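Engineer: coordinates only, no sequence provided:
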Ligand SMILES: [Mn+2]
């Protein structure tokens, strides 16, 4: 049976997205639902995935408030459509053992083909050259000679914006498709807005306090910034980096006898100084605060129970020493 006939003749359709579904997944699911409704007015639809990301939920709430995405499969469905993934594992623990008849299963995806795809679905619409699944769903509308609603145009554009990181990675094809969606009624501004998340107020206050209390050190031309907050120290570090710090180290004291130190540096800082915040700084701070530290070159932390201020002072010394030892020629660092 052709894919179109499958959609027309199945009285119920289950659409599955991957776990922690992102905007590309949920927007593709919603667009597939519209496609089905256009060819099969009376068919029943269920959208299912094991968890929807906060951002994806926000996109749905913006354009299709009240959309029901269930976390479990209820009953049997004559047709199954899997989007934005090509293997069972990605469906998440609760859904990976789902049963379906491959001859009545369609898989729409843009990831590298997996051998498992053929076992799950007899009908593959897989295009790994596309930057999003949403673009492939648009092709299906085109193949059927159908047009989508303005709401769906917005959803499809949001999915594309997300998967291309707002056109950070893109092709002429994707850009043309985006223009076409805007011409078809997609609300570009609303899509961009829907993809921005605002942290909770308490977190924003912590970030602002970190900025207000910051102390700056200029080490060999690098701006190293320390600060203190009661919580959200990792978020505060990212905020200080956004403000222009090359290295941010923030101490958090959420309660008496709890000290958490978080640190971040820019890629440029790490690449040119080879200072590893994990091994050069946080591992050594652990003992001072009565705990342990470690992490990655660009993001590291330490948890302990005392001496937050001393630890911050010491961390700056450790960064200074590590810059001195760096493999990068010091001259190159001067502006
Ligand atoms: Mn995708």
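Structural biologist: Yep, that arrived. In this text, all values refer to a predicted model and were calculated from it rather than measured experimentally.
Engineer: please make it C-alpha for all contacts and neighbour counts, starting now.
Structural biologist: Noted.
Engineer: residues in contact with the residue of the stretch 51-200 of the chain found nearest the ion?
Structural biologist: Ranked by CA to the ion, the top residue of the stretch 51-200 of the chain for proximity to the ion is residue 132, at 4.7 Å. Taking CA atoms under 8 Å, 6 or more residues apart in numbering, we find residue 132 in contact with 24, 84, 109, 110, 159, 160, 163, 164.
Engineer: can you rerun that using 7 Å?
Structural biologist: 24, 110, 160, 163 (CA atoms under 7 Å, 6 or more residues apart in numbering).
Engineer: could you verify my assumption that the first one touches residue 161?
Structural biologist: No - between residue 24 and residue 161 there is no contact under CA atoms under 7 Å: 8.6 Å.
Engineer: around the ion, pick out the residues from this structure.
Structural biologist: 24, 132 (CA under 5 Å from the ion).
Engineer: so residue 118 sits in a strand?
Structural biologist: No - secondary structure of residue 118 (DSSP: H, G, I helix; E, B strand; the rest coil): helix, not part of a strand.
Engineer: number of nearby residues for it?
Structural biologist: When counting by other CA atoms under 10 Å, one arrives at 15 neighbours for residue 118.
Engineer: try residue 97
Structural biologist: Using other CA under 10 Å: residue 97 sits among 11 other residues.
Engineer: please name the nearest non-neighbouring residue to it.
Structural biologist: residue 88 (7.5 Å; CA to CA, 6 or more residues apart in numbering).
Engineer: just residue 224 next, same as before
Structural biologist: Among residues not flanking residue 224 along the chain, residue 247 sits closest, at 4.7 Å (CA to CA, 6+ apart).
Engineer: next, count neighbours for the one you found.
Structural biologist: Residue 247: 28 neighbours (other CA under 10 Å).
Engineer: likewise residue 254?
Structural biologist: Neighbours of residue 254 using other CA under 10 Å come to 14.
Engineer: and it, that's in a strand?
Structural biologist: Yes - Residue 254: assigned to a strand according to three-state DSSP.
Engineer: rounded mean pLDDT for stretch 18-31, please.
Structural biologist: Stretch 18-31 shows a mean pLDDT of 97.
Engineer: contacts for that stretch?
Structural biologist: 15, 17, 47, 49-53, 55-56, 59, 83-85, 90-92, 132-134, 137, 152, 155-156, 158-160, 162-163.
Engineer: ok, now how distant is the residue nearest to residue 224 from the ion?
Structural biologist: Look at residue 247 and the ion: by CA to the ion, to the nearest Å, they are 33 Å apart.
Engineer: for that residue, what are its contacts?
Structural biologist: Going by CA under 7 Å, 6+ apart, residue 247 touches 223, 224, 225, 241, 264, 265, 266.
Engineer: any low-confidence regions in the chain?
Structural biologist: 326-335 (pLDDT under 70).
Engineer: what domains does the record give for it?
Structural biologist: Domain assignment for the chain, taken from automatic domain parsing, gives 3-194, 202-333.
Engineer: how far off centre is the last one?
Structural biologist: In this case it means domain 202-333. 25 Å (CA atoms, centre = their mean, to the nearest Å).
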